[in-house]
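Engineer: Fold the following.
(chains A, B and C)
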Amino acid sequence: MPDAPGLELIRQEIERDLPGSVGGTSYEHGCAAMIVDPEQILAVLGWLKETPGQNYGFLSSLHVADYLPAEPRFGVHYELLNFDRRERLRVKAMLADPGEDALPEIDSVTALFPTADAQERESYDFFGIVFRGHPNLTRILLPDDYVGWPQRRDFPVGGEPVTFTYNEHNRG
Amino acid sequence: MASDVSTKGFVDDPTSEVMTVNVGPHHPATHGVLRLVVDLEGEVVRELRPVIGYVHTGIEKSCEDKSYWKVIPFVERMDYVSYFFQMEAFCGAVERLIELEIPPRAKYLRTLFLELNRIHSHLVWLGTTALDLGAISMLWYCFRERDRILDLFEMATGQRMHTRYFQVGGVIEDIPLGFEEKCRSFVEDMPVRVGQYEALLDRNEVFLSRTKGVGIVSRERLLELGVTGPLLRAAGEPWDLRKTFDYLAYPEMDFKIPVGTVGDNYDRYRCRVAEMVESAKIVGQCLDALPEGPFIAEDRKYVLPPRSELPTSMESLIHHFKLVTEGYRVGPGEIYYAIEGPRGELGCFVLADGSSKPARVHFRDSSFVNLQAFRDMAVDSYVADMICSLGMLDPILGGVDR
Amino acid sequence: MEIEKRDPLLAKQVTARDMLRGDLDGADLERYVEERVVTTTFEKMLNLARANSIFPLTFGLACCAIEAPISIVTARYDLARFGAEALRASPRQADLIILSGRVSIKMAPVVRRLYDQMLEPKWAISMGACSSSGGMFANYAVVQGADKFMPIDMHIPGCPPRPEAVMYGFSKLQRKIMGNPDQGWRARYNAAGTEEWARGGPRSEPSAEAAAAYEEARELTLA
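Structural biologist: Below you'll find the predicted structure:
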C-alpha cells in the first residue's frame, strides 16, 4: 500500500489536476483509502490509471457497502492495484439514497476497466445502484423478475423459522 | 427464460445460418449450473452470453446476521473445492482489522493446509476437465489422489470437506500424531503421480490437438478483464499474490511459479499441473520447518480458552461464555484482504461496525471475474473448443454465484 | 462310464435325465424344486431389476456434487457394485435424480422441469442438508427444502454427507423400491408411545382419530 505520506502526496496531485474531487483520505490497518466525489469518479480513476507516476491499472474489485444508518448510505468501493509497485489503493464514492423509488446513480467505469462489467451488474442486482453508461445493466445473480434489493441493510434476510414441537401447531 | 436474454443482430433473419442454442443449466459439461446462450453458425460460436445465478445462496447477506465465528462455515461453502482459501481470506481480513498476530505454528499449519487444498482443487479440475475432453480414466486417477488428501483433512479436522479449521487467531486444533508421516508419504508420491498424469495426456495426439492453439486471449486483454491466477500466468504474466504480498509462511518457502508463453489451453493445463508439483514441495517444506508453540493466539478476547482451563479459572469461564453467546466485537473499520486462490485473486472485504456481527462481507471471487474472459476465449471457434476452454477456465459456480 | 466312451450325446442325455430326478416324490420333490428354482411374482421380479439397475441422472448443484455424483463413482466408493454406474445426462433416460446441493430460487423451476421430464418409475434422493431442508442457509435465496416443490423419496443428512452415507441412503432406496422399506425406528424398537405432543395450548390434544390410531399402534406393538 502507499503509506500515509504517499497517500497524501497522491491526494495533493489529484487536487491539483482535478480540484474538489477528493473528499478525504484515511490510512488504517495498513490500507490506504480515498473518498472521492461520485460525480468525478471517472476522471479520478482515469487519472490514477493513466498518470505516469501512478499507473493503478488493475481493478481488483468493485463492490458496494451499505453504511446504514450513517449517511450517505452507499459506498461504492474500487480496489485498485499497481502491478509494478505492488500497491493497493481503495477509492470510495459515497452515494446517498434519493428516497422513495428513485435509485442512486453513478457513472460506470467499464470503459476504463472492462472487468467492472459483471461486478457493476452484481452491485445493481443487490443494491439497486444504477451505473450510467453500462452496456447491459440487468440482474445477474437473482431471477430476472425479482423485486427488491436484497443486500441493502433494511431488506430482511428471509427464510422461514425452524419448526419445533412448541410451535408446530402454529405452522400446520 | 430464453426470451429474457436479448439476441442481437442477425438472428431474426430467417435466411441466416445463425441459431441460438441454450447450453445448460443442466449439462454434463458445464462444471456446475452454468447456463450459456450461444449463437451458433454451423459449428462456429459467434456470440456467447453466460447466464449465472442458479446456485446463488445469499451467503453474503446471511453473514450479516451471524457473529464472526459463525460466518466462517458460511463463507467456506462459496467456492466449494477451495474451502480453506475462503476461510483464510475471511480470517485474515478480521485478524488485520483487530490487529491480532497469529503464532508462527499457526502460520505454517495454515500454509500447509492451503497448499494441500490447492492440490485438491487442481486434481478435481484435472479429473473433470479430462472427462469433458474424453480422457475418461483421468477422473479415477485424480480422484484416487484426492481421496488421499481428504483422508489427511479428515485426520486433522474430522471432516472431509468444509472443515471449519481456520479460526480468527490461528487454527482450531493442532495436527494429530501420525499426520506428519501420512502427509510426507503423500508429498513423496505426488510428483510420481503427476508424472503419470503427464504420461497419459502429454503425448496424446487428440488431447494436444484439442488444446494447443485454442482459446488464446492476449495478456493485455486478460489484465483488462481482471483475470488472475493460472489463466493470467499461462498468458505470460508472472503475477502470483503468494510472491508479491507477504502473508502467512510463504516468504520462507522456496517455490517457483510456472508461467506460460502462448496463453492457449495447453499452457493453462501445463501451468496448473506444474503448480501441483510446486505445492507438494511447499507442503514438504512446511512439514520440515513446522515450529513448536501454540496453534492459536492467546488473546482471550477473541479466542476460546482451552477446555482444560475452564473448571479452574473463573476468567476463562467468563471469556468462554461471552465468546460463545455473543461473540467478540470488532471495532469499526473496513478492510480488503486478498490471497492467491487456486483460480486467482480471492479477496475478502469486511466492514465492521463495532458490534459482534459484520456489517458487510463481500468476496471478490476469482471465478466470477474470470468468467468474463470466457467470451473472448470461445468466440469464433468451434463448439468443441468452447467446451475445452470452459474446462480450462476452471469456473466453480459456487464462487461465481455465492 | 462306458456310456461316455461309447456315445457322448447319450451320456449327456443320461446326466440331464438324472437331474430331473424322476424317482423323487411328494415332499422330497417339493424340497428338491425349492432348492433349485425361484418362484416369485412378476411385480417383485420387476422391482428387483429396477432396484439393481438404477440409472442416476448426472445432476450436481453445489458442494455435495463433488461427493456425489463424482466421488461415489470413483474407485473407493464404487457405485458400480450396485449396478448404478451408468450415469445418464438426459433426464429421459434416467430414473434417479440425486439433488446434491442447495436449490436456489432461480434453479427450482429448472429442477422441477427436469424431474417432470423423467419417465416413470422415478425416484428422487435429496442429498445433504441444503436440499432436504434448506440447510444452514435460512435466507431469501434458497428454497427451504426440495420437498416444497417435488416429491422426495429419501433424505440424506450431512453437510456434505460422507460418500458412505450416500451409499447407505442409496441401498435404503433400493430396499424401498423392492417393496420392503426399512421400518421407522419406532416400529423396529417397539417404541410406539414415545411420541411427544405439545403441552398446553388450545390445540395440544391430539384429534380423536389420531388418538384412536395411537391406541391401536400401541396395542399392536405391545402385543
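
Engineer: chain center to the lengthiest helix in chain A, what's the gap?
Structural biologist: Using DSSP state H to define each element, chain A has its longest helix at helix A:4-17. Taking CA atoms, centre = their mean, to the nearest Å, one finds helix A:4-17 lying 21 Å from the centre of the chain it belongs to.

Engineer: what mean pLDDT does that helix have?
Structural biologist: Across helix A:4-17, the average pLDDT comes to 80.

Engineer: go on, stretch B:325-342?
Structural biologist: Averaging pLDDT along stretch B:325-342 yields 89.

Engineer: picking that back up, give me the buried positions along the helix or strand that comes right after the longest helix of chain A.
Structural biologist: Going down the chain from helix A:4-17, the next helix or strand is strand A:22-28, by DSSP states H and E. Buried residues in strand A:22-28, counted by 16 or more other CB atoms under 10 Å in any protein chain shown: A:22, A:26-27. Backbone N, C-alpha and C define where each C-beta goes, glycine included.

Engineer: Relative to chain C, which of those is nearest.
Structural biologist: Distance to chain C across those (CB to the nearest CB) is lowest for A:Ser26, with 32.0 Å.

Engineer: Can you read off the pLDDT for the closest one?
Structural biologist: With respect to pLDDT, A:Ser26 scores 85.

Engineer: Distance-wise, check it relative to B:Leu241.
Structural biologist: 24 Å (CB to CB, to the nearest Å).

Engineer: Could you do A:Asn82 as well?
Structural biologist: Separation of A:Asn82 from B:Leu241 (CB to CB) stands at 14 Å.

Engineer: So between these two, which is more surrounded?
Structural biologist: Neighbour tally, A:Asn82 and B:Leu241, criterion other CB atoms under 10 Å in any protein chain shown: the higher count belongs to B:Leu241, 20 against 17.

Engineer: Just give the nearest non-adjacent residue to the most centrally placed residue in chain C, would you?
Structural biologist: Centroid-nearest residue in chain C, with CA atoms, centre = their mean: C:Leu173, separated by 1.4 Å. Once flanking residues are discounted, C:Leu173 sits nearest to C:Met154: 4.8 Å by CB to CB, 6 or more residues apart in numbering or on different chains.

Engineer: The one you found: what's it in contact with?
Structural biologist: Going by CB atoms under 8 Å, 6 or more residues apart in numbering or on different chains, C:Met154 touches C:123-126, C:169, C:172-173, C:176.

Engineer: returning to that earlier point: show me which residues of the longest helix of chain A are buried.
Structural biologist: Using 16+ other CB under 10 Å as the test for burial, helix A:4-17 gives A:7, A:10-11, A:14.

Engineer: CSV for the contacts of C:Met154, including secondary structure and pLDDT?
Structural biologist: Output for the contacts of C:Met154, formatted as CSV (DSSP: H, G, I helix; E, B strand; the rest coil; pLDDT from 0 to 100):
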residue, secondary structure, pLDDT
C:Trp123, strand, 91
C:Ala124, strand, 91
C:Ile125, strand, 91
C:Ser126, strand, 91
C:Gly169, helix, 90
C:Lys172, helix, 90
C:Leu173, helix, 90
C:Lys176, helix, 88
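
Engineer: Chain B: which of those is nearest?
Structural biologist: Top of the list for closeness to chain B, among these and by CB to the nearest CB, is C:Ala124 at 14.4 Å.

Engineer: residue in chain B nearest to chain A?
Structural biologist: Closest point on chain B to chain A, by CB to the nearest CB, is B:Gly226, at 2.8 Å.

Engineer: Is that residue in contact with A:Phe113, as I believe?
Structural biologist: Yes: the pair B:Gly226 / A:Phe113 is scored as a contact, 7.2 Å apart, by CB atoms under 8 Å.

Engineer: Looking at those two, which is more packed in?
Structural biologist: Between B:Gly226 and A:Phe113, counted using other CB under 10 Å, the more crowded position is B:Gly226 (29 against 24).

Engineer: what about the more buried one, which helix or strand?
Structural biologist: With DSSP H and E as the test, B:Gly226 turns up in no helix or strand.

Engineer: list the contacts for it?
Structural biologist: Shown in contact with B:Gly226 (CB under 8 Å, 6+ apart): A:58-60, A:113-115, B:369, B:372.

Engineer: Look up the pLDDT of it for me, please.
Structural biologist: pLDDT for B:Gly226: 89.

Engineer: just checking, what packs against whichever strand or helix holds C:Glu35?
Structural biologist: Taking DSSP H and E as the definition, C:Glu35 sits inside helix C:26-36. Counting contacts by 3 or more CB pairs under 8 Å, 6 or more residues apart in numbering or on different chains; DSSP states H and E, helix C:26-36 is packed against no other helix or strand.

Engineer: what is the mean pLDDT for it?
Structural biologist: Taken as a whole, helix C:26-36 has an average pLDDT of 73.

Engineer: could you point out which element follows it?
Structural biologist: Counting by DSSP H and E, the next helix or strand C-terminal to helix C:26-36 is helix C:42-51.

Engineer: Can you show me the CA trace of that next one as PDB?
Structural biologist: Coordinates of each C-alpha in helix C:42-51 appear next as PDB, following Å, rounded to 0.1, in the frame of the first residue of the first chain:
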ATOM      1  CA  PHE C  42     -43.800 -60.700 -11.600                       C
ATOM      2  CA  GLU C  43     -44.000 -57.500  -9.600                       C
ATOM      3  CA  LYS C  44     -41.200 -58.500  -7.300                       C
ATOM      4  CA  MET C  45     -39.000 -59.500 -10.100                       C
ATOM      5  CA  LEU C  46     -39.500 -56.200 -11.800                       C
ATOM      6  CA  ASN C  47     -38.800 -54.400  -8.600                       C
ATOM      7  CA  LEU C  48     -35.600 -56.400  -8.100                       C
ATOM      8  CA  ALA C  49     -34.500 -55.500 -11.600                       C
ATOM      9  CA  ARG C  50     -35.300 -51.800 -11.100                       C
ATOM     10  CA  ALA C  51     -33.600 -51.600  -7.800                       C
END
